[in-house]
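In: how does the following fold in three dimensions:
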Amino acid sequence: MATTSSGLRPAQRAERQRSAQQPQGLSHAGNLLTRSLNNGQQSLLRSKEAKPPSASSRRSVTPTSRSHSRDFEDDNEPGRVRVAVRLRPRNAEDLLSDADFADCVELQPELKRLKLRKNNWSSESYKFDEVFTETASQKRVYEVVAKPVVESVLSGYNGTVMAYGQTGTGKTFTLGRLGKDDASERGIMVRALEDIMANITIASDTVEVSYLQLYMESIQDLLAPEKTNIPINEDPKTGEVSLPGTVTVKVRDLDHFLELLQIGEANRHAANTKLNTESSRSHAILMVYIRRSVPEKAEDDISSQDKKTKSNLPVVRKSKLLIVDLAGSERLDKSGSEGLLLEEAKFINLSLTSLGKCINALAENCPHIPTRDSKLTRLLRDSFGGSARTSLIITIGPSSRHHAETTSTIMFGQRAMKIVNMVKLKEEFDYESLCRKLETQVDHLTAEIDRQQKLRERDKYDLEKQLRESQDSFYETRKNLVTRSEFLEKENARLELDMEDILAQLNCQKDHNSLMQDKVAELEMNLEQSKQHQLENSTYQKVLADTTQIYENKIADLIKRLEVERAQSESAEEQLDTMKKLSGDHQKLIQMYEKKIRELTKQVEHEHTRFESVQDQLDLANKLLRDYQNSMQEQEEISELRLKFQEMYQLHESTVNELQALKAEFKDQIQEKETIREELYVVREKLSAEEKQRKTIEHELVKLKKSAPEGDKDFEDKRSYMKENIRGASVFGTSASLNKSGPLRETQSAQRATIAKICEEVGLQKIIQLLTSEDSDVQIHAVKVIANLAAEDINQEKIVEEGGLDALLTMLKSSQNATILRVASGAIANLAMNELNQGLIVSRGGAQLLAKTASKTDDPQTLRMVAGAVANLCGNEKLHSMLKEDGGIKALLGMVRSGNSDVVAQVARGMANFAKCESRAIIQGHRKGRSLLMEDGGLEWLIANCNTASASTRRHIELALCHLAQNEDNAKDFTSSGGLQELQRISMESSRDDIRNLAKKMLKSNTMFQGDTRSGWQ
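Out: Numbering: from 1, shown residues only. As a prediction, this is how the structure comes out:
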């Protein structure tokens, strides 16, 4: 790669001649990939040699170094493909093989440049949009590479994020890392979905995902592995690519998406090669479909002709995000691929070669782009040269052994930087939601019209009914009025006669009133004379009182008479009013009578007022008499009041004196209160200082306790044991330590560091020897250290080699200490996470010892450790028969007697692992016959506990039932024990979509289940 352009051309022609003579195969594909990359590099070198040397080339360290870059700092093209490069840290293999050589890559992140050394005196410089060192965090990589694309996708544009590079350089780590143990290690897929879910509205926006893999030129659905060889359809008008056979899942939240990613990663093809222990053998493509509603449409986006018709239409933005994890390119002489791996490598290199051709054609503006050479290029048609915003991250290694692969990867990125896409906003009118809204309004209006029609009909009926009733009442009233008028005429004649009688009576009353007036005048004169006599001589008081009494009696009689006359006049008035109402023809006559009556009434009232004045004068005379009689009594009361007033004055003076004394005492108490408050403040200051000192001492004591390994009593909460639900030995568990708090991680890391330090100073062999000590305390401390070391994968092999497994099994066999049994069982559970250790444990009688331990203890923690160890052993199909013979399955089911929820959860996990591996063996043809779980009552226990309250336990039980149902030899047991009904319930009521789909699949695939289901329905 360091040769000049003139030297490259003859070598290129010779390479083409050799490739033409070779047969079609993987070597041809590899040479074709190399030639395409060399051609791109050669054209780039020629274009750079034609230009004058730049400032960057003059600043090169070596005389022969060259700069291969464009000035992208001032690039104003928003649609250009952005390319970043990430360097993988050196691994153990690089350190061993390249110990005497320097790295072939030198990074200049501040200049966004990369230098590629061919030897100690020749180097080439390349510039990228971003350069990440081996210490760059996942968060920074996401924010620089993927976050701008995610933001544009949220705004309505299509976007693509792709990783390209040699196998084993960290593409899957950069894109698809789940970060179960540490959230900071999450890859671009998880972080992108986290940002998308945080920026959408759940009520109006939707996010859907599809997860595919391109394996040997066959598109497979990772979320539904049974769907293979999915076709690719292209819209002849728009050119958009669609995959009609894929499963699209609506994402509820981030946890739901993580579950989908776990399912997809479990179904993706991977293999162990010389270059990578977990090499991806397929291209993985995550498709995220986002549909967002726009509240208001900008006026500039709507033409003036359409404003009247479409201004009120709802608008949606539909965008698509592709996250592509390409399989790594590899060379056969380095990877050592054979058989199926050879075929996989052939198809990987062919698809990458087609992608390189398309990149070359786009970079050189060729009129023809060969996108139909591979399904990969057809899927990425919109990402390169289309309408999507694309970011590419290329991953390289530091080793000089892979100089050629590193060079081709860098040249791929350099050519991709020349591609400019025409980004377009995907916005359209939401006719579907508008149609649904209008249909709802039409239904509402139709119902309203029907209601109004019914109301009108009912009102019409009511009005007609009221009209008939009104007519009937009118005829009835008319008849009554005729009868009433005849009666009134007769009554008028009678009233005329009565009025003549009343006039005669009124005249008599008038004469009587005149007589009464004369009598009243005489009484007034008598009253005046009595007043004069009363003033002249007090001796006539008694005579006056008697005379007054006589007059009062007479006046009372007169008042009674007047009241009788008034009542008669009122009755006369009432009779006159009745006559006014009944007789309209005699109105004038009645008015005359009324005038006369009013005159009589006035005369009566005048006489009444005169009588009242006389009565007031009599009252005044009586009052004067009473006052004269009570005057003497008032003088005595006044003297008594004076004495009381003097006493009250004396009491007031004494009260004032007491008040002054109390004020003085109050001032003294306030001063004492201030003094006490100052003393309390000083005491509080002292107490706060002592409290701070006490807290400091307690904090130091806690640190000392945490740093001591002897205080780690709950070792079973270590990371490796809690990871048992998500590792390869058990594919059904749930991680209980995904969201550990920061302080807990710091504490555990400190504990691990302490234990590692103890192990280095004392030695693993000596610690294992302490397990055989006669002192129980020494044994407890030693087994705790071993259990903590077994929680780390790197220590398990050393523990087994040094005899740690045998010592732990011996302790289970001979020890009676509950703590030793619990910790030793937990250590064996940690070791049982490794497949090689599982075979050693069972072959050395570990299953029998675990069963005996479970039978002789009732401690829930010990049973949980034992159940966890047996559950891990159930994840190995090769050991099922031995577990059955050693009583492991029976012991696992017997441990549910404790009733502890954690123990039951481990039992359910073990049953799920056993059923999963057993069903896989039956599908692959390794095993036949009825399930081993049926003999020990496993099915009955699963059915009885299928509705448990714990969600994780219920999920394990449902999965176990689904996998047991895959074996047709278990169908009779399912039918007789009620398992078929539970399977039907799971297919409809399970909280997980994958479990419901699996149950439905089992019901459809088993003919006996179908027959029983139909008979049950009939």
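
In: for the spatially closest residue to residue 930 that is not a sequence neighbour, phi and psi?
Out: Using C-beta to C-beta, 6 or more residues apart in numbering and skipping residues adjacent in sequence, the residue nearest residue 930 is residue 969, 4.6 Å away. For glycine as for every other residue, the C-beta is placed from the backbone atoms N, C-alpha and C. Here is the backbone geometry of residue 969 (degrees, to the nearest 10): phi -70, psi -10.

In: how near is residue 969 to residue 290?
Out: 47 Å (C-beta to C-beta, to the nearest Å).

In: neighbour count for those two, which is higher?
Out: residue 290 (23 against 12; other C-beta atoms under 10 Å).

In: direction included, what does whichever strand or helix holds the more buried one pair against?
Out: Per DSSP states H and E: residue 290 is located in strand 283-294. Here strand 283-294 is paired, per DSSP bridges, with strand 206-215 (antiparallel), strand 315-325 (antiparallel).

In: so who does the nearest residue to residue 787 once chain neighbours are set aside touch?
Out: Counting by C-beta to C-beta, 6+ apart, residue 787 lies nearest to residue 827, which is 3.9 Å off, once chain neighbours are set aside. By C-beta atoms under 8 Å, 6 or more residues apart in numbering, the residues touching residue 827 are 783, 786-787, 790, 808.

In: and what about residue 827, helix, strand or coil?
Out: When classified by DSSP: H, G, I helix; E, B strand; the rest coil, residue 827 comes out as helix.

In: how close does it sit to residue 931?
Out: Going from residue 827 to residue 931 by C-beta to C-beta gives 31 Å.

In: from the contacts of residue 827, which two are the most distant?
Out: Farthest apart among those by C-beta to C-beta are 783 and 790. That separation is 10.1 Å.

In: sorry, back to before: what would the strands paired with strand 283-294 look like in JSON lines with distance to residue 774?
Out: Compiled in JSON lines, the strands paired with strand 283-294 are given as follows (distance: least, C-beta to C-beta, whole Å):
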{"stretch": "strand 206-215", "distance to residue 774": "58"}
{"stretch": "strand 315-325", "distance to residue 774": "57"}
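
In: what would those strands look like in TSV with mean pLDDT, distance to residue 658 and mean neighbour count?
Out: Converted to TSV, the strands paired with strand 283-294 look like this (pLDDT from 0 to 100; distance: least, C-beta to C-beta, whole Å; neighbours: other C-beta atoms under 10 Å):
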stretch	mean pLDDT	distance to residue 658	mean neighbour count
strand 206-215	94	84	21
strand 315-325	91	87	22
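
In: tell me the domain ranges of this structure?
Out: Following the TED database, the chain resolves into domains at 82-102+138-295+313-429, 431-513, 845-1013.

In: now the last one, how far from the chain's geometric center?
Out: The offset between the C-alpha centroid of domain 845-1013 and the centroid of the whole chain comes to 32 Å, using C-alpha atoms, centre = their mean, to the nearest Å.

In: ok, now the shortest one?
Out: Averaging C-alpha positions (C-alpha atoms, centre = their mean) puts domain 431-513 65 Å from its chain's average.

In: pLDDT of it, averaged?
Out: Averaging pLDDT along domain 431-513 gives 87.

In: got it, and stretch 94-101?
Out: Stretch 94-101 carries an average pLDDT of 62.

In: please apply the same query to stretch 958-968.
Out: pLDDT averaged over stretch 958-968 gives 82.

In: got the angle between whichever helix or strand residue 150 is part of and strand 315-325?
Out: Per DSSP H and E, residue 150 falls inside helix 147-154. Helix 147-154 and strand 315-325 meet at an angle of 150 degrees, taking axes from the mean of the first three to the mean of the last three C-alpha atoms, to 10 degrees as the criterion.

In: quick one: list the elements packing against the next helix or strand after helix 147-154.
Out: The helix or strand immediately downstream of helix 147-154 is strand 159-165, counting by DSSP H and E. If contacts are counted by 3 or more C-beta pairs under 8 Å, 6 or more residues apart in numbering; DSSP states H and E, strand 159-165 sits against helix 147-154, helix 171-176, strand 315-325, strand 389-396, helix 403-416.

In: mind showing which ranges of the stretch 1-150 of the chain have poor pLDDT?
Out: The stretch 1-150 of the chain contains residues with pLDDT under 70 at 1-76, 97-102.

In: cool, thanks, signing off.
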